[in-house]
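Structure for the following, please:
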Amino acid sequence: MRSDTASSTAEARTMLEAASEELNAADRVLMFEEHRRAPLGSHLASAQIHVNAARLLWIRSFSVSPQEISPYVAGLKAVVSDHLSAGDARRKSVEGLENIASGEDLVRLTEAVEAAQSAAVRERVRAASFVRIVYCVAGCLLVLAVTVAVLTSIWPQAVPMCFNPERSIDGVGASSRPAAEPPVPYRVVCATGSDDAPSSGDLDDNFAAVTSWGDYVVIEVVGLVAAGVAAAMALRKIRGTSTPYPIPVASALLKLPAGALTAVLGLLLMRGNFVPGLSSLDSSAQIIAWAVVFGYSQELLTKFVDRRGQMVLDAVRGPTSPPPAGTGPGTTPPASDSPGP
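Model prediction:
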């Protein structure tokens, strides 16, 4: 009997030593003086895994005398309630525990804490993955916007950003009218220039004579500025976060190249008579004004990313987090966890 007790004590001591090693490993991950990498959310997730392992080893070290862990039950139950839904069977199995009286109670507590810690790690991994995805999409959109600007600068006549509104002679005196009417009854208006009296009977030739390498560049810059204003306006909806995952920043950066591209695409749709009555803008100022509108309108698309980002951010639970909806007493838990981004 004494041999069994000594063996159990040695096993507990081994577990405590292993727990200490896990804590040291977490400390090394977070001590950025020892490595040159910038602090990232992945460092916190890695350190959290080590801390979780240390906590489980510490709990299991009480297998010889499970009653001694009773003073820590309230804190461990708080960890469980933070990350497991009210309908989870493992959470229910420990809700009534006030004191650990047997090894069976310790096993139930250990399983519940392990499940809660796994859920916490998944929450953080999901948040980090969402940030990476948004950054990648924003980078791809930026490359696409730059590519469009470069290609249209090299070949400005390929898809000219120009319109052909009808000429108006109202208010012009007879003495100021030309002796002969121009060969075409329209004007050519581009983003950076216009021609009130085109000389060719071919619309493409008239567009080519007026279009400039800077048409798309100006429109994209205007759309980007409008998207920047939209991103600044969206800051009023952002709640602060104590997590190391810059989801709001990633969402704001996504708006910038999206605004540049929506400005171009919106004007191309207008040029293609996609919007009846708005197919022929009358001046360069109108083209710029509509670029502002379309650049700001990217908010209609990126708001879904903002909403999803806030959901992912809210899912990163902690001791100071408010209780999530549907996890309080008397509520029905969801059928399954929402899929990751």
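
okay, CA-based contacts and neighbour counts for the rest of this
OK.

Surely residue 283 and residue 189 touch.
Yes: counting by Cα atoms under 8 Å, residue 189 is a contact partner of residue 283 at 5.8 Å.

higher neighbour count, those two?
The neighbour comparison of residue 283 against residue 189 (other Cα atoms under 10 Å) goes to residue 189, with 27 against 21.

phi, psi of residue 189?
The phi and psi values for residue 189, taken as degrees, to the nearest 10, are phi -130, psi 120.

What of residue 190?
phi -120, psi 180.

Excluding covalently adjacent residues, which one is nearest to it?
Sequence neighbours aside, residue 162 is the residue nearest to residue 190 in space, at 4.1 Å (criterion: Cα to Cα, 6 or more residues apart in numbering).

How many neighbouring residues does that neighbour have?
So residue 162, with other Cα under 10 Å, has 28 neighbours.

Contact partners for it?
Residues in contact with residue 162 (Cα atoms under 8 Å, 6 or more residues apart in numbering) are 188-191, 207, 211, 271.

isn't residue 187 right up against residue 166?
Yes: if you go by Cα under 8 Å, residue 187 and residue 166 touch, sitting 6.1 Å apart.

who has more neighbours, those two?
residue 187 (21 against 15).

So what does that one have for phi and psi?
phi -110, psi 160.

Quick check on residue 245: phi, psi?
Dihedral angles (degrees, to the nearest 10) for residue 245: phi -100, psi 110.

any idea of the pLDDT on it?
According to the prediction, residue 245 has pLDDT 76.

Could you do residue 79 as well?
At residue 79, pLDDT is 84.

Please renumber the chain so that the first residue is 662 from this point on.
Sounds good: first residue 662 from here, last item residue 740.

number of nearby residues for residue 726?
Residue 726 has 15 nearby residues by other Cα under 10 Å.

now do residue 942
Quick note: residue 942 (other Cα under 10 Å) scores 22 neighbours.

my read: it touches residue 949, true?
No: if you go by Cα under 8 Å, residue 942 and residue 949 don't touch, sitting 10.2 Å apart.

For the stretch 712-861 of the chain, which segments count as strands?
823-824, 849-851, 855-856 (DSSP state E, counting those that start in this stretch).

Using JSON lines, lay out those together with mean pLDDT and distance to residue 807.
Output for these, formatted as JSON lines (pLDDT from 0 to 100; distance: least, Cα to Cα, whole Å):
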{"stretch": "strand 823-824", "mean pLDDT": "87", "distance to residue 807": "20"}
{"stretch": "strand 849-851", "mean pLDDT": "89", "distance to residue 807": "20"}
{"stretch": "strand 855-856", "mean pLDDT": "85", "distance to residue 807": "25"}
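
Reformat these as a markdown table; add distance to residue 774.
Output for the strands of the stretch 712-861 of the chain, formatted as a markdown table (distance: least, Cα to Cα, whole Å):
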| stretch | distance to residue 774 |
| --- | --- |
| strand 823-824 | 65 |
| strand 849-851 | 65 |
| strand 855-856 | 71 |
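
For the stretch 862-1002 of the chain, just list every one of the helices.
For the stretch 862-1002 of the chain, the helices defined by DSSP state H, counting those that start in this stretch cover 864-871, 876-895, 908-932, 945-957, 960-975.

Out of these, which is closest to residue 784?
Closest approach to residue 784 among the helices of the stretch 862-1002 of the chain is made by helix 960-975 (7.8 Å; Cα to Cα).

Figure out how far the closest one is from the centre of its chain.
Taking the mean of its C-alpha atoms, helix 960-975 sits 7 Å from the chain's own mean (Cα atoms, centre = their mean, to the nearest Å).
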